[in-house]
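Participant: below: sequence and its predicted model.
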Amino acid sequence: MFEPHSPRLPRIAVGGVVFNDNKILLVKRGKPPSQGKWAIPGGKVRLGETLLQACERELLEETGIATRARAPIFVFDLIAETAQAIEHHYVIVDVYASYVSGNIKAGDDATSAGWFTREELTRTDLDDNTHRFLRTWWPRLEELQNGTGEEYFLVW
């Protein structure tokens, strides 16, 4: 059914969820998937790298922000296929991370980066997975920021 150029295994990727001063850190994607849309910053986990290390590295590369990755909070699949092949399959683990320092400077495959309030998100072209995640998780992110939402962390 699938062409030989199809990936043989899913790839693991990480998203860095940084919530600071009631704003979420997002990047405008410069490459597929979701090119041109705003999303949680992140990318592929490298061989030998933990999820938390990958989260901190990707956030620094894509946004210029130094963070402390805390724990995974959300997992989803991103699968793109045609009738002939699976184009890609990522298992994406979103990790909650605390802001440490730095000023936003888009880098790597992000064309722009910024902090967004909940109200600003209603006027922002979000990718579908980011929209679904934020619609569900915004109140929990506020609790995590205020130190009252530790129960949302997986045992890590």
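Facilitator: Looks like it arrived, so ask away.
Participant: could you pull out the strands in the protein for me?
Facilitator: 11-20, 23-29, 38-39, 42-44, 66-81, 86-101, 110-116 (DSSP state E).
Participant: which residues are in contact with the last one?
Facilitator: Strand 110-116 is contacted by residues 20-21, 23-30, 38, 41, 62-64, 104-106, 124 when judged by CB atoms under 8 Å, 6 or more residues apart in numbering. Glycine gets a C-beta too; all of them are placed from N, C-alpha and C.
Participant: strand partners (parallel or antiparallel) of it?
Facilitator: The strands that strand 110-116 pairs with in its sheet are strand 23-29 (antiparallel) (by DSSP bridges).
Participant: coming back round to it: export the strands of the chain to a markdown table and tack on mean pLDDT?
Facilitator: Listed next are those as a markdown table, based on pLDDT from 0 to 100:
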| stretch | mean pLDDT |
| --- | --- |
| strand 11-20 | 95 |
| strand 23-29 | 96 |
| strand 38-39 | 96 |
| strand 42-44 | 95 |
| strand 66-81 | 92 |
| strand 86-101 | 93 |
| strand 110-116 | 95 |
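Participant: could you dump those strands to JSON lines with distance to Q53 and mean neighbour count?
Facilitator: Compiled in JSON lines, these are given as follows (distance: least, CB to CB, whole Å; neighbours: other CB atoms under 10 Å):
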{"stretch": "strand 11-20", "distance to Q53": "9", "mean neighbour count": "22"}
{"stretch": "strand 23-29", "distance to Q53": "18", "mean neighbour count": "23"}
{"stretch": "strand 38-39", "distance to Q53": "21", "mean neighbour count": "22"}
{"stretch": "strand 42-44", "distance to Q53": "12", "mean neighbour count": "20"}
{"stretch": "strand 66-81", "distance to Q53": "8", "mean neighbour count": "16"}
{"stretch": "strand 86-101", "distance to Q53": "10", "mean neighbour count": "18"}
{"stretch": "strand 110-116", "distance to Q53": "19", "mean neighbour count": "18"}
